[in-house]
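Colleague: fold the stuff below for me.
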Amino acid sequence: MLATAEGALVCVSLDVEPQCLESMLEALARVNFPINPQIYHDAAMVYRFADGREDSEALTLVEFPAYEAHLPEVQRAVEAYGFEVSCLHVRAMLEDIQTSEQPEAAPAGAPYVSRRRVKRRTVA
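Modeller: Numbering: from 1, shown residues only. Predicted structure coming up:
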């Protein structure tokens, strides 16, 4: 684990519709620590359903490293700009480096069973 007095180092991933990217970057500019985001313009959210079917949705991902102590500040900034907290996903940095596209469990009541973020969509 990569950790300091500010907690573990994590990868913060925010999914955003392309037309909302500038607002998300403005929100992140309000936090009190430096952020140098990696932006994936050709990303997708892939939803997996109980019958094994998958459906994807094009989006933009904004990712950056942060320490756990800064997560509440990131959450407040994102919410202050009108984004849903559900757009924020956090993984341990080592886990993010070692395994890409880790599935996330669906929230209660969701029509899908899991979803995963794909940084680059494949062209069919």
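
Colleague: flag every buried residue along the helix or strand hosting V62.
Modeller: Following DSSP states H and E, one finds V62 within strand 54-67. Residues of strand 54-67 classed as buried: L59, T60, L61, V62, E63, F64, P65, A66, Y67 (neighbour count, 16 or more other CB atoms under 10 Å). For the C-beta atoms, the positions are set from N, CA and C on the backbone; glycine is no exception.

Colleague: what's next to the next helix or strand after that strand, contact-wise?
Modeller: Sequence-wise, the next helix or strand downstream of strand 54-67 (DSSP H and E) is helix 71-80. With contact meaning CB atoms under 8 Å, 6 or more residues apart in numbering, helix 71-80 is reached by 10, 12, 14, 24, 27-28, 30-33, 66, 85, 87-88, 90.

Colleague: CA-only coordinates of helix 71-80 in PDB, if you can.
Modeller: These are the backbone C-alpha positions of helix 71-80, laid out as PDB (Å, rounded to 0.1, in the frame of the first residue of the first chain):
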ATOM      1  CA  LEU A  71     -11.600  12.600  -1.000                       C
ATOM      2  CA  PRO A  72     -14.200  14.600   1.000                       C
ATOM      3  CA  GLU A  73     -12.900  17.800  -0.600                       C
ATOM      4  CA  VAL A  74     -13.100  16.300  -4.100                       C
ATOM      5  CA  GLN A  75     -16.700  15.100  -3.300                       C
ATOM      6  CA  ARG A  76     -17.800  18.500  -2.100                       C
ATOM      7  CA  ALA A  77     -16.300  20.200  -5.200                       C
ATOM      8  CA  VAL A  78     -18.000  17.800  -7.600                       C
ATOM      9  CA  GLU A  79     -21.400  18.200  -5.800                       C
ATOM     10  CA  ALA A  80     -21.000  22.000  -5.700                       C
END
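
Colleague: no further questions, thank you.
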